[in-house]
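Asks: show me the folded form of this:
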Amino acid sequence: GVGGVMAGLITYPNDTVRRMLQLQGSRGTVDVYTGYWDCVRKVYSRYGITRFYFGVTVNLIRMAPNTAIQFGSYELLKRLTADL
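Replies: Numbering: from 1, shown residues only. Sure, this is the predicted structure:
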């Protein structure tokens, strides 16, 4: 649902930084970061804010139904187990 989409938009930049840190030095990448904030600073200064959101559309398409199913299942199980 909408909550999942908002959560995805808010947390996606963090996932981008995490992936960049994990992949540094692999597959011919030359960028080297000393840590999380170093990566954020370098990426922002070189590419701008939009670099943190590359690929967000595919992620949101995946997250919207996933979150709706998760919340729906939780509510259903909560109702089914309320009398236990």
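
Asks: please name the nearest non-neighbouring residue to the residue positioned nearest the centre of the chain.
Replies: When the chain is reduced to its mean C-alpha position, the nearest residue by Cα atoms, centre = their mean turns out to be Y12, at 3.1 Å. Taking Cβ to Cβ, 6 or more residues apart in numbering as the measure, Y12 lies nearest to V56, with 5.0 Å between them; neighbours along the chain are not counted. Quick note: C-beta positions are derived from backbone N, CA and C, even for glycine.

Asks: before we move on, back to that, contacts only, for the residue nearest to the centre of the chain.
Replies: Under the criterion of Cβ atoms under 8 Å, 6 or more residues apart in numbering, the contact partners of Y12 comprise 52-53, 56, 59.

Asks: next: T67.
Replies: 1, 3-5, 7.

Asks: and what about it, helix, strand or coil?
Replies: Using DSSP: H, G, I helix; E, B strand; the rest coil, the secondary structure recorded for T67 is helix.

Asks: equivalent analysis for the one 4 residues further on, please.
Replies: In three-state terms, and counting by three-state DSSP, F71 is helix.

Asks: hang on, the residue nearest to Y12 packs against T11?
Replies: No. In this structure, V56 sits apart from T11 without contact. The criterion is Cβ atoms under 8 Å, and the distance is 10.3 Å.
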